Every structure is written in C-alpha cells, then in structure tokens.
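In: Got a predicted structure plus its sequence, pasted below:
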Amino acid sequence: MHEDKARWNEKYLSQPMPGEASEILKKNLHLAKKGRALDIACGMGRNTHYLAEHGFDVDAVDLSDYALSKLKEMDAITKIEADLDSYEFEIEAYDLILKINYLDRKMFPKIITALKKGGLFIYETFVETPTGEEYHNPSRAEFHLKREELPKAFEALEIISYEEKDAINLRKEKVRIASLVARKV
C-alpha cells in the first residue's frame, strides 16, 4: 500500500489534473436523485467539487493523501483516505456512484450493492484499443477493459447509456474509453 500511495502522490505532484468536472458527469448528473454520492478514486476532486456544488453529500475516496489535501474543505465533502483494494463500501447507501479512469474489477459487485434502489452509477475508463493503431494505453493490460465488458459486468442494473469511443485524455493523448450510465432498479 505504501508503495502505491507514494506512486500516486508523485503522479499528482508531477502531473496535476485540471479542475473541470468530467463531461460524462456534467451530461448525466440530472438523472440522479440528490442525496449521497461516492466518488471512487476521486483524485484532486474535480468531480467531487462538482457534485458538492450541485447539492450532493460526497464521500471522496482515494489512496493519495496529497490528492485528498487538495479537496476543498466543505461540509458536503467527506475525505476518505483508503486503499481501494480493501475498502468496504456501505450497503445501499448511495444515490450516485462515480468512477472515472480507475479500473478494479473486484469492485464491480460492491458498487452494485452500495447503490440505493434507483441509484445512478456513472463510469468511464479505458478500454482495449484496436491493434496496429497508435493509442496511449494504461501501463498494464489489466488496467483497461475488454470491449463490451461493462454492460455484461453491470447487467444487474438498467443500462441507460453505453458507448466505446476514441477520445483525447487530459494529457492530450489519443485513448479509447468506455462510458456507462446505469440505474439500480
């Protein structure tokens, strides 16, 4: 854990993220009932702040104490420093769960269980790229999804939208992403 924490702290120090919220969140937030939200691997809080400013009480979870130190001090934000490999989700606690650019397949069932009935899940991360084309890929193969993996993994939820598309990441590199918006029924 300490090695991972040091690596993430260094990443946030050397490659600061922009402050603007993710487009998928801005586009779909209106579908969520205001209440409690969970921002998984929240980083320096661009999405956490957006959620809090739009009336949500947000549990912001990340391993990096440096990243968490950059979150605004707001009554609506609870900072949680935790190793996501062992983090225990509250059961049926969240009206909205957000997960951007972080993949841990072991977490999928926990996310479904943590959503309240009617709760919204918004997820966007990297997906495998076509062979022979120039893409920036995560450092290890297990850090990106297989094609069409998300709808199968979250088939217990009502899929509102799903797409896989080329995009430009925060560092201006070509990537392929999968985006999912789903509701617990």
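Out: Arrived safely, thanks for sending.
In: Can you report how many residues lie near K34?
Out: Per other Cβ atoms under 10 Å, the neighbour tally for K34 reads 13. Glycine gets a C-beta too; all of them are placed from N, C-alpha and C.
In: which SS class is the nearest residue to it once chain neighbours are set aside?
Out: Closest residue in space to K34, ignoring its immediate chain neighbours: G55 at 4.6 Å, by Cβ to Cβ, 6 or more residues apart in numbering. For G55, the assignment made with DSSP: H, G, I helix; E, B strand; the rest coil gives coil.
In: thought P151 was touching S161?
Out: No. At 10.3 Å, P151 and S161 do not qualify as touching, with contact defined as Cβ atoms under 8 Å.
In: Look up how far I40 lies from the residue nearest to K34.
Out: For G55, the distance to I40 equals 20 Å [Cβ to Cβ, to the nearest Å].
In: Looking at these two now, which is surrounded by more residues?
Out: Just comparing G55 and I40: by other Cβ under 10 Å the higher neighbour count belongs to I40, 23 against 11.
In: Could you tell me how many residues sit around the residue nearest to that one when sequence neighbours are not counted?
Out: Closest residue to I40 in three dimensions, ignoring its sequence neighbours and counting by Cβ to Cβ, 6+ apart: K99, at 4.4 Å. Neighbouring residues of K99 were enumerated by other Cβ under 10 Å; the total is 23.
In: K99 belongs to a strand, doesn't it?
Out: Yes. Judged by three-state DSSP, K99 forms part of a strand.
In: Bridged to it, which residues?
Out: With DSSP bridges as the criterion, K99 is bridged to I40, Y123.
In: my read: it touches L120, true?
Out: No. With contact defined as Cβ under 8 Å, K99 does not count as touching L120 (11.9 Å).
In: joint contacts of P151 and S161?
Out: Taking Cβ atoms under 8 Å, 6 or more residues apart in numbering as the criterion, P151 and S161 both touch L180.
In: residue ranges of the helices in this structure, please?
Out: Remark: helices assigned in the chain by DSSP state H are 2-14, 23-28, 46-53, 65-69, 108-114, 149-153.
In: most packed of the ones you listed?
Out: Highest mean neighbour count of these: helix 46-53, a mean of 23 (counted as mean count of other Cβ atoms under 10 Å).
In: who does that one touch, helix- and strand-wise?
Out: Applying 3 or more Cβ pairs under 8 Å, 6 or more residues apart in numbering; DSSP states H and E, one finds that helix 46-53 contacts helix 23-28, strand 36-40, strand 57-62, strand 77-81, strand 94-100.
In: Tell me the buried residues in the second one?
Out: Along strand 36-40, the positions that meet the burial threshold by neighbour count (16 or more other Cβ atoms under 10 Å) are 36-40.
In: Need the max-distance pair from the residues you listed.
Out: For the buried residues of strand 36-40, the farthest-apart pair by Cβ to Cβ is R36 and I40; their separation is 13.5 Å.
In: For E134, the count of nearby residues, please.
Out: By other Cβ under 10 Å, 7 other residues sit near E134.
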